[in-house]
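Visitor: Predicted model, plus sequence, below.
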2 protein chains.
Amino acid sequence: MSEPLRLGIAGLGTVGMGVVKIVQNHAALIEARSGRPVTISALCARDRTRDRGVDLSAYAWEDSATAVATRPDVDVFVELIGGDNGPAKAATEAAIAAGKDVVTANKALLAHHGQTLAEMAEAAGRVIRFEAAVAGGIPVVKALTEGMAANQMRRVMGVMNGTCNYILTRMENAGLPYDEVFEEARALGYLEADPNLDVGGIDAGHKLALLAAIAFGTRVSFDAVELEGIGRIAIEDIRHAADMGYRIKLLGVAQMTGRGLEQRMSPCLVPADSPLGQLQGGTNMVVLEGDSVGQIVLRGAGAGQGPTASAVMADVIDIARGTRLSTFGQPAARLTEPTPAKAAVAAPFYLRMTLLDKPGALAKVAAALGDAGISINRMRQYGHDETTAPVLIVTHKTTRDAIDHALRSFAATGVVHGDPVAIRIEAV
Amino acid sequence: MSEPLRLGIAGLGTVGMGVVKIVQNHAALIEARSGRPVTISALCARDRTRDRGVDLSAYAWEDSATAVATRPDVDVFVELIGGDNGPAKAATEAAIAAGKDVVTANKALLAHHGQTLAEMAEAAGRVIRFEAAVAGGIPVVKALTEGMAANQMRRVMGVMNGTCNYILTRMENAGLPYDEVFEEARALGYLEADPNLDVGGIDAGHKLALLAAIAFGTRVSFDAVELEGIGRIAIEDIRHAADMGYRIKLLGVAQMTGRGLEQRMSPCLVPADSPLGQLQGGTNMVVLEGDSVGQIVLRGAGAGQGPTASAVMADVIDIARGTRLSTFGQPAARLTEPTPAKAAVAAPFYLRMTLLDKPGALAKVAAALGDAGISINRMRQYGHDETTAPVLIVTHKTTRDAIDHALRSFAATGVVHGDPVAIRIEAV
């Protein structure tokens, strides 16, 4: 039997301990499938003394991630610390410099420094693999980089933050407002320490930027992702959307347009009976569209110990088997700098506004939309007892720019009360 | 730039021409992703003179698949002839003997001769890849073999014959009987020359047997797949299933049980609101369940030129990139001979029968079920004007053996008219 592949693991949180458990519990299975044993040489974590319920005594303990990454008895550095800077970045760079391959679950690190790290690794003949960084246990990086490698990709979409999908699903099912469900999610431990990473769309935006780089052969450009979180989604919008056959999802969309690379992570309406619309709770879904293969949908757990560790170990086993791939599916030096295209592709929009009860109010709004070049597909005015009436409009296909123009012009009509809501309807 | 990877393609039907088109149209993309050009050296097909609408003049033309497979200027033999014997098998063996890697879309060949061919290939240091053989464009072989390699697999399920799913969906949506929709499908060209390959579950059974070998580390044992086609599904069953919140699918299930490997390809009821239940028309879906990752669902086109050629080319690009894997994810010599377990796992069943309108008829049927150790979960007797009445029963969990025993004992009750229908309800 061949030499073992030896891991050095930095970070023993949920995912790190999941990796240790798989290595311990499935040693024979992994050896059969890899053609060689996979072993652990060394570990590090913030707290050495904590009882993690697993025997770690066979492994060397280091005080820093960099020390793990550079040990002579480590072949693969497994980075499970997180954070886009600090020890994760330093240790990853040190690992590459020391001739190690890297497996990471760190979407923030790669979203911010993926290009530099990939170039470093490829110059050193090393690989960086990151299946666990995108959509947890779903093998989407592999499906896109390898399974769809013969396709010109058309569009990549995904619901890739389970916490946001939990919140939106829970709001709909329990009829609760955002703030209340947000507090529930916090109490359940579903939210990151900085909740804006989740509900602000940042975490999911990191993932989208990584998939877009693979799909379109472009440098990772997270800064160009248009980010909009779910904090402004009202329970009324969820209800109205449902009435019209839609659900609201925090949906990432990346597509190459004539004007450049469009990358958006924002709440969208999707048909309630589509695979994305039917996604409940914390599950993730990624939709990959290629010119030959058509639409491929992948669904599974986007987080959690088992699923994320499964993805980490898939990368490890690939390395054990001798599979060597460029980080983003082609040499980093070949990746092109994308031109960001702000929501270039037209779509219908859902608009909700409150009209003052004045004669001709609806006509004024309709005229403002017409002036912005927007035509109306469906409109509903709800009954009302007071001086204002809620109005819903679904437009025909238009651009975000036209919608923004129309929203600004509503103020001048004198009949729109408060801020109107505009949410894109994505064709899925 | 590295040396090109040179293909020899046998078979220029729908899939073969799809492969040629991708090689021609995406040469730059494939070279960027593979790190080397992928070219075509030689072709063969039954009819050389047919105008296929694509310029093939740059490629050598051979009179036999074996001649293509053994050319010195061919690195990868792409077998797209089909059939589990004859030229496909001979040429594949010749290719391996001549030191070529093999990419095939031929599920029948591998279902019958996969073990022998894998052993031959591995002894020669060659690979056989077959992504296109299972669920068309869906990268399910890759997801299972690589993406879930760290998992002890629990269950593999799939709707993997688009024609059968088309027929069942069309029966439900149009309210048409099986025979009529079967003829429609034949007229539309959806059926194989031998329709029993589709509607008898054989084609889907081949695919299930291949996935089971990977999932459970067992030798491909297609002969042990319990096969039941869709020909006996009546429109009444589809309607009654829908009334109770189910849909009928030709579902493949493979799982390792305490009594051995269970492999079934048969009509099953699945919840209408599950991903499998929601699958309409010719689309395929595979559900992979691993001990760490949980449930992963993959959905996409199971057939057609673009999707199948996409899968073929993914295998080719893997080879171009230098990825070398054992055919079934671990050395063929290590695969164990499975003990077949006939439907070992208990499940609820749907029963439909026609009762003669005699006093105590229902009690006699209930007693027969009780004697077989089967308890009843739900029962519906429909109104009737005649001398017989349709009765539906959903049982609690039981075994197929108990159901068969009960069905046999119904005859002796003297109150059951004709043959009762029993369909397993699969928990998905």
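Guide: All right, it came through fine. Residues are numbered from 1 along each chain as shown, chains lettered A, B, ... in the order given.
Visitor: Over to the nearest residue to residue A:58 once chain neighbours are set aside. Which of the three states is it?
Guide: Leaving aside its sequence neighbours, residue A:58 sits nearest to residue A:40 (C-beta to C-beta, 6 or more residues apart in numbering or on different chains; 7.6 Å). For the C-beta atoms, the positions are set from N, CA and C on the backbone; glycine is no exception. At residue A:40 the chain is in strand, as set by DSSP: H, G, I helix; E, B strand; the rest coil.
Visitor: right, and residue A:40 touches residue A:9 too?
Guide: Yes - with contact defined as C-beta atoms under 8 Å, residue A:40 counts as touching residue A:9 (6.4 Å).
Visitor: tell me, what's touching the two both at once?
Guide: Counting by C-beta atoms under 8 Å, 6 or more residues apart in numbering or on different chains, the shared contacts of residue A:40 and residue A:9 are residue A:20.
Visitor: what's the burial count for residue A:375?
Guide: Applying other C-beta atoms under 10 Å in any protein chain shown, we find 11 residues neighbouring residue A:375.
Visitor: Just give me the neighbour total for the nearest residue to it once chain neighbours are set aside.
Guide: Spatial nearest neighbour of residue A:375, excluding adjacent residues (C-beta to C-beta, 6+ apart): residue A:396 at 4.6 Å. The burial count assigned to residue A:396 is 13, neighbours taken as other C-beta under 10 Å.
Visitor: I'd like to know how far residue A:396 sits from residue A:75.
Guide: 57 Å (C-beta to C-beta, to the nearest Å).
Visitor: thinking again about what came up before, for the residue nearest to residue A:375, grab phi and psi.
Guide: phi -70, psi 180 (degrees, to the nearest 10).
Visitor: Would you confirm that it contacts residue A:377?
Guide: Yes - counting by C-beta under 8 Å, residue A:377 is a contact partner of residue A:396 at 5.0 Å.
Visitor: Between these two, which contacts overlap?
Guide: With C-beta under 8 Å, 6+ apart as the test, residue A:396 and residue A:377 both reach residue A:348.
Visitor: Spell out which parts of the stretch 251-400 of chain A neighbour chain B.
Guide: Proximity of the stretch 251-400 of chain A to chain B, by C-beta under 8 Å from any C-beta of the partner chain, involves residues A:273, A:275, A:278, A:290-301, A:304, A:306-307, A:309-311, A:313-314, A:316-318, A:321-326, A:329-331, A:334.
Visitor: Inside strands: which ones of these?
Guide: A:290, A:294-301 (DSSP state E).
Visitor: list the contacts for the nearest residue to residue A:229 once chain neighbours are set aside?
Guide: Distance criterion C-beta to C-beta, 6+ apart; nearest residue to residue A:229, sequence neighbours excluded, is residue A:200 at 4.0 Å. Applying C-beta under 8 Å, 6+ apart to residue A:200 gives the contacts A:227, A:229, A:231.
Visitor: got those as a markdown table, with pLDDT columns?
Guide: Output for the contacts of residue A:200, formatted as a markdown table (pLDDT from 0 to 100):
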| residue | pLDDT |
| --- | --- |
| A:227 | 96 |
| A:229 | 96 |
| A:231 | 94 |
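Visitor: which of those tops the neighbour count?
Guide: Highest neighbour count within those: residue A:229, with 22 neighbours (other C-beta under 10 Å).
Visitor: Chain B versus that one, what's the distance?
Guide: With distances taken as C-beta to the nearest C-beta, to the nearest Å, residue A:229 is found 27 Å from chain B.
Visitor: In three-state terms, label that residue for me.
Guide: coil.
Visitor: With the one 4 residues further on instead?
Guide: Per three-state DSSP, the secondary structure class of residue A:233 is coil.
Visitor: I'd say it and residue A:266 touch.
Guide: No - using C-beta under 8 Å, residue A:233 makes no contact with residue A:266, being 10.5 Å away.
Visitor: Domain map for chain A?
Guide: A:5-133, A:140-301, A:349-425 (automatic domain parsing).
Visitor: got those as JSON lines, with distance to residue B:134 columns?
Guide: Shown next, in JSON lines, are these (distance: least, C-beta to C-beta, whole Å):
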{"stretch": "domain A:5-133", "distance to residue B:134": "18"}
{"stretch": "domain A:140-301", "distance to residue B:134": "12"}
{"stretch": "domain A:349-425", "distance to residue B:134": "35"}
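Visitor: Residue A:204 should be in a helix, yeah?
Guide: Yes - secondary structure of residue A:204 (three-state DSSP): part of a helix.
Visitor: now the residue nearest to residue A:58: how far from residue B:117?
Guide: 37 Å.
Visitor: what residue ranges in chain A score low on pLDDT?
Guide: Regions of chain A meeting the criterion pLDDT under 70 cover residues A:1, A:384-385.
Visitor: Does the residue lying farthest from the centre of it belong to a helix, a strand or coil?
Guide: No residue in chain A sits farther from the centre than residue A:359, which is 46.0 Å out by C-alpha atoms, centre = their mean. Three-state call for residue A:359 (three-state DSSP): coil.
Visitor: Now do the same contact list for it.
Guide: Residue A:359 neighbours (C-beta under 8 Å, 6+ apart): none.
Visitor: Distance-wise, check it relative to chain B.
Guide: In terms of C-beta to the nearest C-beta, residue A:359 sits 46 Å off from chain B.
Visitor: ditto for residue A:171
Guide: 20 Å.
Visitor: Neighbours of that residue, how many?
Guide: Residue A:171: 23 neighbours (other C-beta under 10 Å).
Visitor: hang on, isn't it packed against residue A:237?
Guide: No - in this structure, residue A:171 is not within contact of residue A:237 by C-beta under 8 Å, at 9.5 Å.
Visitor: dump the residue contacts of the residue of the stretch 301-428 of chain A found nearest chain B.
Guide: Per C-beta to the nearest C-beta, residue A:313 is where the stretch 301-428 of chain A lies closest to chain B, at 3.3 Å. Residues in contact with residue A:313 (C-beta under 8 Å, 6+ apart) are A:19, A:22-23, A:30, A:38, B:149-150, B:292.
Visitor: need those residues in a markdown table with neighbour count, distance to residue A:192 and secondary structure, can you?
Guide: Listed next are those as a markdown table, based on neighbours: other C-beta atoms under 10 Å in any protein chain shown; distance: C-beta to C-beta, whole Å; DSSP: H, G, I helix; E, B strand; the rest coil:
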| residue | neighbour count | distance to residue A:192 | secondary structure |
| --- | --- | --- | --- |
| A:19 | 29 | 20 | helix |
| A:22 | 25 | 24 | helix |
| A:23 | 22 | 27 | helix |
| A:30 | 22 | 31 | helix |
| A:38 | 24 | 30 | strand |
| B:149 | 30 | 29 | coil |
| B:150 | 29 | 25 | coil |
| B:292 | 27 | 23 | coil |
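Visitor: from the ones in strands among the residues of the stretch 251-400 of chain A next to chain B, which single one is nearest residue A:167?
Guide: residue A:301 (17.0 Å; C-beta to C-beta).
Visitor: Just the buried residues of stretch A:10-26, please?
Guide: A:10-12, A:15-23, A:26 (16 or more other C-beta atoms under 10 Å in any protein chain shown).
Visitor: For chain A, just list every one of the helices.
Guide: Here chain A has its helices, by DSSP state H, at A:14-25, A:27-34, A:65-69, A:87-97, A:107-123, A:140-142, A:162-174, A:178-187, A:196-199, A:202-216, A:235-243, A:305-321, A:361-371, A:400-413.
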